[in-house]
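>>> predicted structure and sequence below. I'll ask about it afterward.
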Amino acid sequence: MRRLRLFLTRNLGLKVLSLAAAVTLWAYTATQPRMERAFDVGIEYVNVPATLELNPDQAERVTMILHGPRDRLDELAGNGLSAEVDFSDIFSAGEHTFNVQDLRMNLPLNVHFVRAVPSQLRLMLENRVRREVAVQPRFVGGYQPGYSLGSFTVDPPRLVVVGPESRMALLDQVTTDPIDLSGEIGSKRFQAIAYIPDPYLRFEGPPTVTIEVTLRRRD
């Protein structure tokens, strides 16, 4: 009993203050008006398998209705809110459906999910494809009088591109930034950056190529 009494009375003032603060916080929260509010929520994708890619043509945000104390909802509105789609248990390409209410959202205390629009996400995973594509230089500018483009070489002539299977099927070649041949004669070497117009495809390595051009006098 003596030990218990000592434990209860040690730092008694601090314990009383802590208890008072907790009661005050509880009373404040309990008296806060409770309400529903709509949030524009960003979707984050985690643990996507290394051999698969998300089809880019799908929703990245949903509207969620949340219920809770006004101050907590105000705090969420100021900080933003995101929901995670976890692909840890997905191993194959195809369509996969997720219930929005089951997504990880890390809602604060006393804030609850009510409903979402849409209520489900049907996401398409595609096989990741890796393919070499030809590099086509893009020449601009006028030649010197009496000269024309004789020949050119590109090093490397092909670059490796990676991306979703459906997008890769539409890509035949990549082009370089403009190479200005104005006033050039004879042989000239240029360095240029190759460009992929599809934002969902990417180069596996550096997209820099060397182009050697020969401008010849016309007969």
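Yep, it's here.
>>> can you pull out the helices in the protein?
Along the chain, the stretches classed as helices by DSSP state H are 2-9, 12-31, 70-79, 165-168.
>>> identify the residue nearest residue 192 in space, chain neighbours excluded?
residue 176 (3.9 Å; C-beta to C-beta, 6 or more residues apart in numbering). From N, CA and C alone the C-beta is placed, and that goes for glycine too.
>>> I figured the one you found was touching residue 208, is that so?
No. Using C-beta atoms under 8 Å, residue 176 is not in contact with residue 208; the gap is 9.5 Å.
>>> show me what the residue nearest to residue 192 is bridged to.
According to DSSP bridges, the partner residues bridging residue 176 are residue 194.
>>> for it, give me the pLDDT.
Confidence at residue 176, expressed as pLDDT, is 97.
>>> that one: how many residues sit nearby?
21 (other C-beta atoms under 10 Å).
>>> show me what contacts it?
Counting by C-beta atoms under 8 Å, 6 or more residues apart in numbering, residue 176 touches 135, 136, 137, 138, 192, 193, 194, 195, 209, 211.
>>> one more time with 10 Å, if that's ok
Contact partners of residue 176, counting by C-beta atoms under 10 Å, 6 or more residues apart in numbering, are 135-139, 154, 190-195, 207-209, 211.
>>> sorry, back to before: where do the contact lists of residue 176 and residue 208 overlap?
Counting by C-beta under 10 Å, 6+ apart, the residues touching both residue 176 and residue 208 are 191, 192, 193, 194.
>>> isn't the last one right next to residue 209, touching?
Yes. Taking C-beta atoms under 10 Å as the contact criterion, residue 194 and residue 209 are neighbours in contact, 5.9 Å apart.
>>> the two - which one has more neighbours?
residue 194 (23 against 20).
>>> from residue 174, how far off is the more buried one?
5 Å (C-beta to C-beta, to the nearest Å).
>>> what do the two both touch?
Shared contacts of residue 194 and residue 174 (C-beta under 10 Å, 6+ apart): 133, 135, 136, 159, 161, 203, 207, 209.
>>> make CSV from the residues you listed and add distance to residue 93 to it.
Formatted as CSV, those follow (distance: C-beta to C-beta, whole Å):
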residue, distance to residue 93
133, 22
135, 29
136, 31
159, 25
161, 19
203, 23
207, 27
209, 32
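>>> export these as TSV, with columns for distance to residue 92 and pLDDT.
Shown next, in TSV, are those (distance: C-beta to C-beta, whole Å; pLDDT from 0 to 100):
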residue	distance to residue 92	pLDDT
133	27	97
135	34	97
136	36	96
159	29	98
161	23	98
203	27	98
207	31	97
209	36	98
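>>> partner residues bridging the spatially closest residue to residue 166 that is not a sequence neighbour?
Counting by C-beta to C-beta, 6+ apart, residue 126 is the residue found nearest to residue 166 once chain neighbours are left out, at 6.0 Å. Assessed by DSSP bridges, residue 126 has beta-bridge partners residue 53.
>>> again, but for the one 10 residues further on
Residue 136 has these beta-bridge partners by DSSP bridges: residue 175.
>>> can I see the domain layout of the chain?
Structural domains assigned to the chain are 33-118, 129-217, following automatic domain parsing.
>>> how long is the shortest one from one end to the other?
Translated: domain 33-118. 27 Å (C-alpha to C-alpha, to the nearest Å).
>>> mean confidence score for that domain?
For domain 33-118, the per-residue pLDDT averages 91.
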